[in-house]
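**Q** structure of the sequence below:
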Amino acid sequence: MKLTPLNMILTGLFAAMTSIGAFISIPVGPAPITMQLLFTLLSGMLLGARLGALSQILYTFMGLIGLPVFAGGTGGFSYIFAPSFGYVLGFIVAAFVVGKILENNEKPTLIKAFLTCILGVTLIYAVGYPYLYLVLAKINGAPVTLAGLLKPAVLIFLPGDLLKSLIATMIGVKLMPIKRTSSVR
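**A** Next up, the predicted model:
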């Protein structure tokens, strides 16, 4: 992976957009509804696996060093003990996998792009949901069960995440051919 000035700018831009997405927040349950997912999926679609994941690593690093970029305007190393931090880690995985699947497609079909975004959402839940449970149950000592957290930590987010996946698909499929001509890899 060659890190050109354009790649550095785009990686930083997607880290910044993910940060902005955290400020568009609706508090519900143990984790808020934000627009971060949209930018995470787009980072993988438009930057590819490595740079998409790098943009999300940069976002996570910015928050951990204390910049208030996480949901609710928080930041700092102690955020690793926040129930929603697992979802932030899931952003890295999702951006990488979405990028890996789509990075060599000149113009993927809407169905393939949408299903890839759904896979990205699934990966975010696969990392974030168990992390949320561990923080709440084991660190905070809350009397919760995995099944009891399903509604407030997953089901409430699914309709919005499906909509964000659809929006990311529509935007990404339109911009991916343009990205190819700018030599971003």
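**Q** going by C-alpha atoms from here, please, whenever you check contacts or count neighbours.
**A** Will do.
**Q** wait, A71 touches P27, no?
**A** No - using Cα atoms under 8 Å as the test, A71 is too far from P27 to be in contact (9.2 Å).
**Q** which of the two has more neighbours?
**A** A71 (26 against 11; other Cα atoms under 10 Å).
**Q** how about the more buried one, what does it touch?
**A** Counting by Cα atoms under 8 Å, 6 or more residues apart in numbering, A71 makes contact with 22-23, 25, 32, 34.
**Q** tell me where this structure has strands.
**A** 25-26, 33-34 (DSSP state E).
**Q** now those strands in CSV, with mean pLDDT?
**A** Output for those, formatted as CSV (pLDDT from 0 to 100):
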stretch, mean pLDDT
strand 25-26, 81
strand 33-34, 87
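**Q** which of the ones you listed is buried the deepest?
**A** strand 33-34 (a mean of 20; mean count of other Cα atoms under 10 Å).
**Q** how far does the helix or strand of the chain with the lowest mean pLDDT sit from its chain's centre?
**A** Every helix and strand in the chain was compared by mean pLDDT, DSSP states H and E; the lowest is strand 25-26, with a mean of 81. In terms of Cα atoms, centre = their mean, to the nearest Å, the centre of strand 25-26 is set 15 Å apart from its chain centre.
**Q** which residues are contacting that strand?
**A** Against strand 25-26 from outside (Cα under 8 Å, 6+ apart): 32-35, 71-72.
**Q** which among the residues you listed gets closest to L115?
**A** Each of those was checked against L115 using Cα to Cα; the closest is M35, at 19.0 Å.
**Q** returning to that earlier point: including distance to T109, could the strands of the chain go into a markdown table?
**A** Below are those laid out as a markdown table (distance: least, Cα to Cα, whole Å):
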| stretch | distance to T109 |
| --- | --- |
| strand 25-26 | 31 |
| strand 33-34 | 27 |
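**Q** of these, which is nearest P143?
**A** Using Cα to Cα, the strands of the chain put strand 33-34 closest to P143, at 23.2 Å.
**Q** got a list of contacts for that closest one?
**A** 21-27, 71, 157.
**Q** show me where pLDDT drops low in the protein?
**A** 1, 29-30, 180-185 (pLDDT under 70).
**Q** middle-most residue in it, spatially?
**A** F91 (3.2 Å; Cα atoms, centre = their mean).
**Q** what about the helices in the chain?
**A** 5-23, 36-64, 85-102, 110-133, 146-150, 158-181 (DSSP state H).
**Q** out of those helices, the one nearest S78 is which?
**A** Among the helices of the chain, helix 36-64 sits nearest to S78 (Cα to Cα), with 7.7 Å.
**Q** helices or strands up against that closest one?
**A** Helix 36-64 is packed against helix 5-23, helix 85-102, helix 110-133, helix 158-181, with contacts defined by 3 or more Cα pairs under 8 Å, 6 or more residues apart in numbering; DSSP states H and E.
**Q** pick the most buried one from the ones you listed.
**A** helix 85-102 (a mean of 26).
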